[in-house]
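Sequence and predicted model, in that order:
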Amino acid sequence: MDEQALLGLNPNADSDFRQRALAYFEQLKISPDAWQVCAEALAQKTYSDDHIKFFCFQVLEHQVKYKYSELSTAQQQLIRETLLSWLQAQMLNPQPEKTFIRNKAAQVFALLFVTEYLTKWPKFFFDILSVVDLNPRGVDLYLRILMAIDSELVDRDVVHTSEEARRNTLIKDTMREQCIPNLVESWYQILHNYQYTNSEVLCQCLEVVGAYVSWIDLSLIANDRFINMLLGHMSVEVLREEACDCLFEIVNKGMDPVDKMKLVESLCQVLQTAGFFSIDQEEDLDFVARFSKLVNGMGQSLIVSWTKLIKNGAVKNAQEALEAIETKVPLMLQLLVHEDDDISSNIIGFCYDYLHILKQLSVLSDQQKANIEAIMLAVMKKLTYDEEYNFENEGEDEAMFVEYRKQLKLLLDRLAQVSPELVLASVRRVFSATLQNWQTTRFMEVEVAVRLLYMLAEALPVSHGAHFSGDVSKASALQDMMRTLVTSGVSSYQHTSVTLEFFETVVRYEKFFTVEPQHIPCVLMAFLDHRGLWHSSAKVRSRTAYLFSRFVKSLNKQMNPFIEDILNRIQDLLTLSPPENGYQSLLSSDDQLFIYETAGALIVNSDYPAENKRALMKDLLTPLMERFKVLLEKLMMAQDEERQASVADSLNHAVGFASRTSKAFSNKQTVKQCGCSEVYLDCLQTFLPALSCPLQKDILRSGVRTFLHRMIICLEEEVLPFIPSASEHMLKDCEAKDLQEFIPLINQITAKFKIQVSPFLQQMFMPLLHAIFEVLLRPAEDNDQSAALEKQMLRRSYFAFLQTVTGSGMSEVIANQGVENVERVLVTVIQGAVEYPDPIAQKTCFIILSKLVELWGGEDGPVGFADFVYKHIVPACFLAPLKQTFDLADAQTVLALSECAVTLKTIHLKRGPECVQYLQQEYLPSLQVAPEIIQEFCQALQQPDAKVFKNYLKVFFQRAKP
């Protein structure tokens, strides 16, 4: 072996050596006999360096995984013998190999096992066991090999081909028949012999039992001698976590409901007698978390048994199962309320399913009602933040608590399904008591009180947020709590979590303010002062900007008296941040979008006459326009690229803000009715010059293009005079991405204004196509994936454009481009349908072709089009589906085939018997289609029901393809 290259395997080697080692590995992988050198090195212990040993196993692994079938029988035998002699040598080594080497060796054994067990090595396990016997080193490797085999056979994270899945099923069936009882016996012997001497091996063995129990005969494990031994391990500190997991796997195994019930009950009895149910005396939280998972498994297993027994009508047994479940509830509650969230989280599944049972019972006992109440109390307690939660810098622990809170929310929702009255009363009790004394209460208790009120909205759902009508007792309870929330002064609490929860809740229950509008001013003030948009925390300001926008929009009818005051108060927040580094504005530009949207909504939805609306909108947008002009000049002067980028960002924000104000307009309140057309036309005139700026093209064009999209909707035909020059600028020195984003704008104009934009379309049709073709024909590297993808997306956009033009009744735009250009366009559509393996584009191309046949395919169509139909369109309908890349099992491809069928039907509709005659006598015979199939095809084509032909066409091509 190349000793120099091997030096690079050491993690501390420099990069040149490492590169050389990598290259050497690649070389050995393709070399036909390098694996023999590695096998020999392992068998004869040539190298003492761990990294070289690992390297040798990697080369062997590659050989077994990818090139095993290329080896002769003798060579395959050599690999088997090498591995067994390596295993033999491990018994005698003074020191065991490093863990990473043992794991890699186990992987190679497992790969060899799945390859050879069914054919050449049926005695795999017996050979291994005869080598390792009860030697602790050997047992360690044997157990690692078993885990690697389980991972190959049943690990759901590994994606297997259907062939591998079939092979794995066959291996498991064969193992069950031939060797599983022996393997189980070997596990028992290991657990028995090492129980006082080697805890590491015992833990490994318990892990193996837990893994295999899911797919072997349970009676081999779920019997007295095994279970008693496992229960014994539950009392040994170093073993009990693994023993717990192993019992969990046993309990989780699917089996007859009555047998499962007996198994769980006998386990519980022994665990309880041994004192495991006394959780409060246990200090090892890791163990209690595992134990909680075990109790959860036992509880859910009993619930599954109960469900099956009820379904089967076994009333007596179902009653026994329910009683068994009920006896576990006190333990479940203890675990649910445990101060450690992991322990509590592990039992939530059982708790949730138990509530689901109670929901199905017609009458609840006093004990069951008490259990529901206890779960409710536990949820309220566990929702509370602890002192350690870091609100300013949320890390992994905080993220885990947020996830845990989501689980508790599901539990609260389920509680509300079982007993809505109890949930409402409990929340009301906690909420009222806490808010009475909020000034002297810790933040986490105030937060959870408000949070519970917030959560009621989903726990007690109503349609369209109508919480304050309908059920009188519920409506009045919620109304009382909301009144308390907004009048108690709790919005001034000095903690961000409480502040945010206050704003979230007033927005969630915005319908309260239509019932009691007198509270709107004080909530508006909270939004508009240091509690909300001027809060010291950026996180609160940001969230409040969004919530304020929702609050104002949902209560637009009640906002009229406050509009001018609000607009004055938010004036400072509307300032466009200068593009200077280090400038700290109160809100980010994303947050400012919500403030502009709010301002726009206030103006548009007000009761003011149109001239007032126009004046207010002008006041809102004029500073943006003036700032835009100044910044555009600055951009042209800016020298370094960083400065250019920050100025372009500011310009883009200005356009985005103006765009966002227009969101408030609707069919009832159009720009015209509000008298605001002139203001937005001024904006257009201000922003469009940015399109001709040679610097930072991408960002500027993108912003202006978005604004144009909005203006086409808002200003309607008033926008049309601006479109030609804007288009001309956007088509200059384009990249694929620019075109791809420009085409939807043209599609929008075409679809909306149709005949009105016909002259403009005719004029820019060929320039646009030339720009597209120029980009598509640019050479690119063969392996440049992103360039290929960009071209594919541009091709789709191009065909979408042609589809819009033909589908909007504008085919004359194409027809008037001159014969040569028309032909060129038609040829590209035929190519799109046949040559590119992109079913989305192919579908669009067939839609275009059928539309053109419908428009031009009759007797009065353009000269030469009928010839084109028979020479190109008909063949395309056959050549495309016959391609190997046209995958009839793919949903998108089936849609393309469906449009292909529509095209053929349309040709038949327009050309009649002539089309059938052409297919019968000329085209289909040229494809060597049998006469009886031709007959069948033409009959299907002539069926009046298009669906019949679509289905037939799929079958036709399935038969035709090899």
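In hand now; what should we look at?

Hmm, residue 231 and residue 246 touching each other?
No: contact between residue 246 and residue 231 fails when scored by CB atoms under 8 Å: they sit 10.7 Å apart. Backbone N, C-alpha and C define where each C-beta goes, glycine included.

Name the residue in the two with the higher neighbour count.
Using other CB atoms under 10 Å, the more surrounded residue of residue 246 and residue 231 is residue 246, with 27 against 17.

contacting residues for the more buried one?
With contacts defined as CB atoms under 8 Å, 6 or more residues apart in numbering, the neighbours of residue 246 are 206, 207, 209, 210, 213, 230.

where does the second one fall, helix, sheet strand or coil?
State at residue 207, reduced to three classes by DSSP: H, G, I helix; E, B strand; the rest coil: helix.

where's it relative to residue 586, distance?
Distance, residue 207 to residue 586, by CB to CB, to the nearest Å: 56 Å.

Dihedrals phi and psi, residue 390?
phi -100, psi 100 (degrees, to the nearest 10).

I'd guessed it sits against residue 398; true?
Yes: using CB under 8 Å, residue 390 is in contact with residue 398, at 6.1 Å.

which one of the two has more residues nearby?
A count of neighbours by other CB under 10 Å puts residue 398 above the other of residue 390 and residue 398, at 15 against 9.

tell me which element that one falls in.
Element membership for residue 398, per DSSP states H and E: helix 396-418.

what comes up buried for the helix or strand that comes right after that helix?
Where DSSP H and E defines the elements, the next helix or strand beyond helix 396-418 is helix 420-436. By neighbour count with 16 or more other CB atoms under 10 Å, helix 420-436 contains the buried residues 422, 423, 424, 426, 427, 428, 430, 431, 434, 435.

residue contacts, the third one?
Contacts for residue 424 were tallied using CB under 8 Å, 6+ apart; they are 456, 460, 474, 477.

switch to 10 Å and redo it
416, 456, 459, 460, 471, 473, 474, 477, 478, 481 (CB atoms under 10 Å, 6 or more residues apart in numbering).

And those, which is closest to residue 618?
residue 478 (42.3 Å; CB to CB).

What's the local residue count around the closest one?
Residue 478: 24 surrounding residues under other CB under 10 Å.

still on that earlier bit, now the contacts of residue 424 in CSV, with secondary structure and pLDDT?
Putting those into CSV (DSSP: H, G, I helix; E, B strand; the rest coil; pLDDT from 0 to 100) gives the following:
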residue, secondary structure, pLDDT
416, helix, 94
456, helix, 94
459, helix, 92
460, coil, 89
471, coil, 82
473, helix, 87
474, helix, 89
477, helix, 93
478, helix, 94
481, helix, 96
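
quick one: which of these has the most company?
residue 456 (26 neighbours).

The closest residue in space to that one that isn't next to it in sequence and residue 481, how far apart?
Excluding the flanking residues, the one nearest residue 456 by CB to CB, 6 or more residues apart in numbering is residue 427, at 5.8 Å. According to CB to CB, residue 427 stands 8 Å off from residue 481.

and for those two, which residues touch both?
449, 452, 453, 456.

Please compute how far the helix holding residue 398 lies from its chain's middle.
20 Å (CA atoms, centre = their mean, to the nearest Å).

Show me what it is packed up against.
Secondary-structure packing of helix 396-418 (3 or more CB pairs under 10 Å, 6 or more residues apart in numbering; DSSP states H and E): helix 341-345, helix 348-360, helix 366-382, helix 420-436, helix 443-459.

angle of the last one against helix 366-382?
Between the direction of helix 443-459 and that of helix 366-382, the angle (axes from the mean of the first three to the mean of the last three CA atoms, to 10 degrees) works out to 120 degrees.

The second one now?
Note on geometry: by the same axes, to 10 degrees, helix 348-360 and helix 366-382 are set 140 degrees apart in direction.
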